[in-house]
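J.: Test case, fold it:
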Amino acid sequence: MAKRRATTAMLVADVCDVMGHVAPLGLAQDWDNVGLLAGDRSAAVERVLLCIDMTSAVVEEAIKKRVQFVMAYHPTLFKPVSRLTVPGHGTDGLMFRCIANGIAVYSMHTALDAAEGGTNDVLAELCGVKETEPMEYLFAEEHQVKIVVFVPTDEADVVAGAMFEAGAGWIGDYERCSFRIPGTGTFLGGAGTEPTIGLAGRYESVQEVRVEMVADREDLPAVVGALRAAHSYEEPAFDVYPLVGEPVRGIGRVGELSKGTTLKALARKLKRATKAVNVQLVGDAEADVRRVLVCVGAAGSLPFKVGIGEGDVVVTGEMRHHDALTIARQGATAIVLGHWASERPALGPLAERLAGMLEGVRVEVSEADGDPFGAV
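T.: Numbering: from 1, shown residues only. Below you'll find the model as predicted:
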């Protein structure tokens with residue numbers, strides 16, 4: 001994606017486009033609430049603030065710095081709200097203040113977790129892992145469908161041509177794309193039918209061609225209409241199949257360490273790199289670790305779907321007691337950095353990346369954003 005030129009003022013809509021390029025919203029989990037949560041898409045943006053949690057302190061910082069756009073990694077609005085009022089102790093009150101001060105609010109959350117160069121990739125790199133695979137792949141619903149029609153051999157070009165004219169048959173920069181297979185069609189017309197070939201009440205077989213091509217979903221009504229108009233049959237036979245897009249990398253990362261180390265040594269390295277204050281270990285601190293399974297925030301059961309064993313270490317932000325027991329039983333280990341601490345390292349690289357794409361817009365990481373948990 002080319003850097004956007006600041007020939008005119010950057011708008012909220014422009015910033016959203018860039019955010020969506022960095023972390024496509026289609027990568028987010030189904031339960032998540034990502035994208036623009038509040039704001040005027042036509043409003044100008046000169047300053048963007050990044051944070052993990054949009055707390056009252058972050059909102060005060062945004063107002064003081066005259067920020068017009070806040071990217072709060074965790075969605076500030078998650079469940080439906082019935083009112084936005086102040087004063088208030090919930091996120092509804094924070095959203096009201098942002099709206100009142102002309103501050104747009106956007107969330108990346110699990111879209112950034114899955115995106116290339118996102119939260120999990122940053123944490124994996126801090127571990128010393130260079131080559132990774134995702135813990136899961138996403139299979140996005142394709143915007144195209146495949147339409148298949150059966151026509152008499154000598155009508156194949158006519159029907160296909162009509163479908164092409166209606167918008168079907170595009171694959172990338174190639175048009176009029178189709179695939180054709182010869183075969184035999186059979187039918188028995190009931191009383192009152194008027195078959196184009198053969199007679200009603202008599203079992204017929206006809207040499208036909210199976211013609212198939214793709215079409216955009218929005219063009220499907222026109223393509224089907226063209227098919228019916230060009231086809232000579234009283235009841236053309238055709239099928240429409242939904243398509244699934246190519247698999248893309250989802251959340252979590254798995255990879256081998258560039259060189260082996262111990263659980264304690266890796267934990268100390270990550271504590272320094274993330275500035276985590278509440279690091280917990282699962283397993284023997286002197287255990288050798290070779291493969292890392294990274295899942296920022298809360299890993300949940302995701303590592304178990306990949307399969308873990310001796311030499312594996314799960315690096316995450318928080319973990320349930322019984323998941324820790326399961327990891328120990330399977331001979332693996334874990335490093336629990338704290339939810340906020342596991343995600344925060346991604347904001348610095350993200351700010352640099354966005355600054356390079358939003359010319360004329362100042363992008364900075366919040367100084368008020370902080371871990372809600374402290375240490376004694």
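J.: Where does pLDDT dip in the protein?
T.: Scanning the chain for pLDDT under 70 picks out the ranges 1-7, 89, 140-141.
J.: which residue is nearest the centroid of it?
T.: The residue lying closest to the centre of the chain (Cα atoms, centre = their mean) is Leu27, at 0.6 Å.
J.: Nearest residue to it in space, please, no chain neighbours.
T.: Nearest residue to Leu27 in three dimensions, chain neighbours excluded: Ala114, at 3.9 Å (Cβ to Cβ, 6 or more residues apart in numbering). For every residue, glycine as well, the C-beta is placed using N, CA and C.
J.: Glu116 - how many residues pack around it?
T.: Counted with other Cβ atoms under 10 Å, residues neighbouring Glu116 total 12.
J.: Helix, strand, or coil at Asp17?
T.: helix (DSSP: H, G, I helix; E, B strand; the rest coil).
J.: quick one, what contacts Leu112?
T.: Contact analysis of Leu112 by Cβ atoms under 8 Å, 6 or more residues apart in numbering lists 22-23, 73, 118-119, 346, 350.
J.: Ok, Leu138 next?
T.: By Cβ under 8 Å, 6+ apart, the contact set of Leu138 is 26-27, 114, 247-250.
J.: Now, the residues you listed that are in strands?
T.: In strands, defined here by DSSP state E, the members of those are 248-249.
J.: Which of the contacts of Leu138 sits closest to Gly338?
T.: Each of these was checked against Gly338 using Cβ to Cβ; the closest is Ala114, at 21.3 Å.
J.: hmm, back to that, ok, and the most crowded of the contacts of Leu112?
T.: Going by other Cβ under 10 Å, Thr119 tops the contacts of Leu112 with 32 neighbours.
J.: Look up how far Gly90 lies from that one.
T.: 25 Å (Cβ to Cβ, to the nearest Å).
J.: on that earlier part again, could the contacts of Leu138 go into CSV alongside distance to Val159?
T.: Converted to CSV, these look like this (distance: Cβ to Cβ, whole Å):
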residue, distance to Val159
Gly26, 34
Leu27, 39
Ala114, 42
Pro247, 33
Val248, 35
Arg249, 40
Gly250, 40
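J.: Put the buried members of the contacts of Leu138 into a PyMOL selection.
T.: The PyMOL selection below is limited to those of the contacts of Leu138 classed as buried (16 or more other Cβ atoms under 10 Å):
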select buried, resi 27+114+248+249+250
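J.: ok so, going back, next, the contact list for the residue nearest to the centre of the chain, please.
T.: Leu27 sits in contact with 110-111, 114-115, 138, 248, 250, where contact means Cβ under 8 Å, 6+ apart.
J.: swap the cut-off to 10 Å and go again
T.: Applying Cβ atoms under 10 Å, 6 or more residues apart in numbering, we find Leu27 in contact with 34, 108, 110-116, 118, 138, 140, 248-251.
J.: from the residues you listed, which is closest to Ala168?
T.: Ranked by distance to Ala168 (Cβ to Cβ), those are led by Ala140 at 21.2 Å.
J.: what's the span of stretch 367-376 from first residue to last?
T.: 22 Å (Cα to Cα, to the nearest Å).
J.: nope, stretch 366-376 is what I meant
T.: 25 Å.
J.: what's near enough to touch Ala43?
T.: Applying Cβ under 10 Å, 6+ apart, the residues near Ala43 are 9-13, 15, 68-69, 102-104.
J.: let's see it at 6 Å
T.: By Cβ atoms under 6 Å, 6 or more residues apart in numbering, the contact set of Ala43 is Val12.
J.: Likewise for the one 4 residues further on?
T.: Residues touching Arg47, when contacts are defined by Cβ under 6 Å, 6+ apart, comprise 67-68, 362.
J.: cool, and Lys65?
T.: By Cβ under 6 Å, 6+ apart, the contact set of Lys65 is empty.
J.: again, only using 7 Å
T.: Contacts of Lys65 were listed using Cβ atoms under 7 Å, 6 or more residues apart in numbering, and they are 47, 49.
J.: now Leu220
T.: Leu220 touches 145, 240, counting by Cβ under 7 Å, 6+ apart.
J.: what sits against Lys73?
T.: Wrong residue type there; residue 73 is Tyr, not Lys. Here Tyr73 is in contact with 51-52, 107-109, 112, 343 (Cβ under 7 Å, 6+ apart).
J.: got a markdown table for the residues you listed, with secondary structure too?
T.: Conversion of the contacts of Tyr73 to a markdown table gives the following (three-state DSSP):
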| residue | secondary structure |
| --- | --- |
| Cys51 | strand |
| Ile52 | coil |
| Ser107 | strand |
| Met108 | coil |
| His109 | helix |
| Leu112 | helix |
| Glu343 | helix |
